[in-house]
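Q: kindly generate the corresponding structure for this input.
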Amino acid sequence: MTTNLSGRARWHRPLMVFVSAMAVLAVVCAVGIVADQRVLTGVPIWLKPFKFSVSFVLYGITLAWMLSLLRRRSRIAEWAATVVVAMGVVEMAVIVGQVLRGTTSHYNETSELNAVLWLLMGTAIMVLFAAHVVIGVAVLRQPIADRAARYAVRLGLGLALLGMLVAIPMTMPGQAPAVEGIAGAHSVGVPDGGPGLPLVGWSTIGGDLRIGHFVGLHGLQALPILALLLGRFSGGRLDERTRARLLLVAGLAYGASTILFTWQALRGQPLLRPDALTLAVAAALVAATAAAVAGVLAGRRAPAATTTAPVTVTAPATATPPAPAMAMTVATAGDGREEVHQ
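A: As a prediction, the model looks like this:
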């Protein structure tokens, strides 16, 4: 996959500054996880800002890279990326501030201040969502030279958008036992803060909407990485059209998986304990994806081969005694030169 650069990539400066700040914050939070013994909703109190800072590092650097692929500078996309940075700063300020106060940031309406901070976070998330859409439209309107890269960027942006959308049920009442002052939950059917998987904390006794949210968001990185791997390790056996079609299949399967994980969570099922219906749908998705990949590979273009065609040439008659007819073979070499053999 190639980039469209004039001398060097135009990396969006505010995004890169934000990425650097989030990387430093991730280190600070990692130290906090070890040094601070406080526990909040069943996990170390610094785990949430750690996960968010790492996620923002990945999100920010991927957006900056995608903007560098554009042939022409898009001021609208750059402005939208700056808005993303501003909203990310607001969200992280609230999350870290609430950790310092020893309380939760998400869904917390237990006091007037907490309610205002949660409202501020919700507003920032909606503005960030809108800015992401603007960036997606700007990228769609500009061509990217490599077809596979074009599919990877556009599908990745769409999957990240899907990942944001599947988080909406977290803010809706009714999916978890009601807790006074808490306006939403990550878990379905069980309270937040119960037994969970290591590091990520996803519930092991009920549904968890964070899974589909996580998977969808990181399609922004998964599709470009897949495009790079296809280009690097296919050994020239896959032409550009085939790689693009494989990326389309991967993008559709990835989006379907995001919806499947969200559907499983909404039905109150832990990730590692799916029922027969969930397993059947997952098996059908795997089979359909495998069939689509096989179809794409079966229809790929074969590499062009050079051919050698014999041509018979008869020497013209002259005033001198006629020479016998000569048969010559004209062969076209691989570099385009003609070689004549008697």
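
Q: for the stretch 51-200 of the chain, which segments count as strands?
A: Taking DSSP state E, counting those that start in this stretch as the criterion, the stretch 51-200 of the chain contains strands spanning 187-188.

Q: flag the shaky bits of it, pLDDT-wise.
A: Low-confidence segments of the stretch 51-200 of the chain (pLDDT under 70): 173-184.

Q: tell me how many other residues crowd the residue nearest to residue 211 when sequence neighbours are not counted.
A: Counting by Cβ to Cβ, 6 or more residues apart in numbering, residue 211 lies nearest to residue 261, which is 4.6 Å off, once chain neighbours are set aside. Backbone N, C-alpha and C define where each C-beta goes, glycine included. As a burial measure, residue 261 scores 25 neighbours (other Cβ atoms under 10 Å).

Q: buried set for the host helix or strand of residue 261?
A: Here residue 261, judged by DSSP states H and E, is contained in helix 240-266. By neighbour count on 16 or more other Cβ atoms under 10 Å, the buried set for helix 240-266 is 242-251, 253-266.

Q: please apply the same query to stretch 228-241.
A: In stretch 228-241, counting by 16+ other Cβ under 10 Å, buried: 230, 231, 238, 239.

Q: tell me the mean pLDDT over that stretch?
A: In this model, stretch 228-241 has an average pLDDT of 81.

Q: do the same with stretch 207-221
A: Mean predicted confidence for stretch 207-221 is 91.

Q: list the contacts for residue 267?
A: Going by Cβ atoms under 8 Å, 6 or more residues apart in numbering, residue 267 touches 188, 207, 275, 278.

Q: likewise residue 152?
A: Here residue 152 is in contact with 1, 223, 224, 226, 227, 247 (criterion: Cβ under 8 Å, 6+ apart).

Q: how far away from the center of its chain is the helix or strand hosting the fifth one?
A: I take that to be residue 227. Under the criterion DSSP H and E, the helix or strand holding residue 227 is helix 219-233. Mean C-alpha position of helix 219-233 versus that of the full chain (Cα atoms, centre = their mean, to the nearest Å) differs by 9 Å.

Q: who's in contact with it?
A: Counting by Cβ under 8 Å, 6+ apart, residues outside helix 219-233 touching it are 1, 58-59, 62-63, 65-66, 148-149, 151-153, 155-160, 162-163, 238, 243, 246-247, 250-251, 254-255, 258.

Q: in helices, which of those appear?
A: Residues from the contacts of helix 219-233 lying in helices, with DSSP state H as the criterion: 58-59, 62-63, 65-66, 148-149, 151-153, 155-160, 162-163, 243, 246-247, 250-251, 254-255, 258.

Q: how much space separates the residue nearest the centre of the chain from residue 15?
A: Taking Cα atoms, centre = their mean as the criterion, residue 220 is the residue nearest the geometric centre of the chain, at 1.8 Å. Separation of residue 220 from residue 15 (Cβ to Cβ, to the nearest Å) stands at 13 Å.

Q: over to residue 163?
A: 19 Å.

Q: give me the distance from stretch 154-171 to the chain's centre.
A: On Cα atoms, centre = their mean, the centre of stretch 154-171 falls 11 Å from the chain's centre.

Q: which parts of that stretch are buried?
A: For stretch 154-171, by 16+ other Cβ under 10 Å, it's 154-167, 169-171.

Q: can you list residues touching both of residue 220 and residue 15?
A: Going by Cβ under 8 Å, 6+ apart, residues that sit against residue 220 and also against residue 15 are residue 63.

Q: correct me, but residue 131 touches residue 78?
A: No: look at residue 131 against residue 78 with Cβ atoms under 8 Å: they stay out of range, at 11.0 Å.

Q: hang on, isn't residue 80 packed against residue 136?
A: No: in this structure, residue 80 is not within contact of residue 136 by Cβ under 8 Å, at 9.2 Å.

Q: by contact count, what packs against the helix holding residue 261?
A: helix 147-165, strand 207-208, helix 210-217, helix 219-233, helix 276-298 (3 or more Cβ pairs under 8 Å, 6 or more residues apart in numbering; DSSP states H and E).

Q: compile these into a markdown table and extend it with columns for distance to residue 26.
A: Listed next are those as a markdown table, based on distance: least, Cβ to Cβ, whole Å:
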| stretch | distance to residue 26 |
| --- | --- |
| helix 147-165 | 20 |
| strand 207-208 | 22 |
| helix 210-217 | 16 |
| helix 219-233 | 16 |
| helix 276-298 | 32 |
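
Q: deepest-packed of the ones you listed, please.
A: strand 207-208 (a mean of 30; mean count of other Cβ atoms under 10 Å).

Q: by contact count, what packs against that one?
A: Using 3+ Cβ pairs under 8 Å, 6+ apart, strand 207-208 sits against strand 187-188, helix 240-266.
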